[in-house]
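Trainee: Quick one: sequence and predicted model below, then my questions.
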Amino acid sequence: MGFDYKNSPPIEVQKKLKEILQQTGGHLTLSSRALSDVEDAIYPGEQIFAIGEGVLNLDMWLILVTDRRILLLCRGLLFGFKSKTIELEKISAVTSEPGRMMTTLIVKEGRFNHEISNIHKDAAITIEKKIKAGLKANEIGLPAETLPEDEHLASLAELVKRREARLIDDEEFDREKAKIMEKYIAG
């Protein structure tokens, strides 16, 4: 079970958000005011994996990668609070155009590209990685918060292919998946 953003005291929510921001490698400047809006914008039970900030349509947005979506929050000076959601299940690709210090993240949703620029390079790497992990979790049918990375992810993807090709049955799939997850947790 993950962190409960809806029912935790505000000080604990802010502490958790700052911890995730630090793990992401992000640095907030203008969008830091939007952190106070996270509790209202997040769904019950939704988990946040990465936090950063970037420019979209000439505004500075707080970027939250969750187990369900990319949530963009903006606390603008002129137009007040705005939010935008890109559901993970609707994303077909995510790429980045790295620069020296800042990166542009391109999220493809159907025929539309969302270009979020001026993301700090370290944060962009983590954000892209977490979005791709969420996409893979949806593809494999695992909850994103339990999704392993690297060789374990490749093993799970191969296992799914074997089941889809009917080389193994559901019972064997569950046994093998449990072994892979056990190795991931142990190691």
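Mentor: Structure received.
Trainee: Give me the nearest residue to Ile63, chain neighbours excluded.
Mentor: Counting by C-beta to C-beta, 6 or more residues apart in numbering, Ile63 lies nearest to Gly52, which is 4.6 Å off, once chain neighbours are set aside. Placement of C-beta: from N, CA and C, glycine included.
Trainee: ok, now which ones touch that neighbour?
Mentor: 21, 24, 26, 62-63, 119-120, 123-124, 126-127 (C-beta atoms under 8 Å, 6 or more residues apart in numbering).
Trainee: Now tabulate these in TSV and tack on pLDDT and distance to Glu176.
Mentor: Formatted as TSV, the contacts of Gly52 follow (pLDDT from 0 to 100; distance: C-beta to C-beta, whole Å):
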residue	pLDDT	distance to Glu176
Leu21	88	36
Thr24	86	32
Gly26	68	36
Leu62	91	39
Ile63	93	35
Ile119	93	37
His120	91	39
Ala123	90	35
Ala124	91	34
Thr126	89	29
Ile127	91	31
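Trainee: quick one: which of those sit in strands?
Mentor: Residues from these lying in strands, with DSSP state E as the criterion: 62-63, 119-120.
Trainee: mind giving me CSV with these and columns for neighbour count and distance to Asp169?
Mentor: Shown next, in CSV, are these (neighbours: other C-beta atoms under 10 Å; distance: C-beta to C-beta, whole Å):
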residue, neighbour count, distance to Asp169
Leu62, 27, 45
Ile63, 25, 41
Ile119, 26, 44
His120, 21, 47
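Trainee: Output the contacting helices and strands for the worst-scoring helix or strand of the chain on mean pLDDT.
Mentor: Using mean pLDDT, DSSP states H and E, helix 150-164 stands out as the lowest-scoring helix or strand of the chain, at a mean of 74. With contacts taken as 3 or more C-beta pairs under 8 Å, 6 or more residues apart in numbering; DSSP states H and E, helix 150-164 sits against helix 121-140, helix 170-186.
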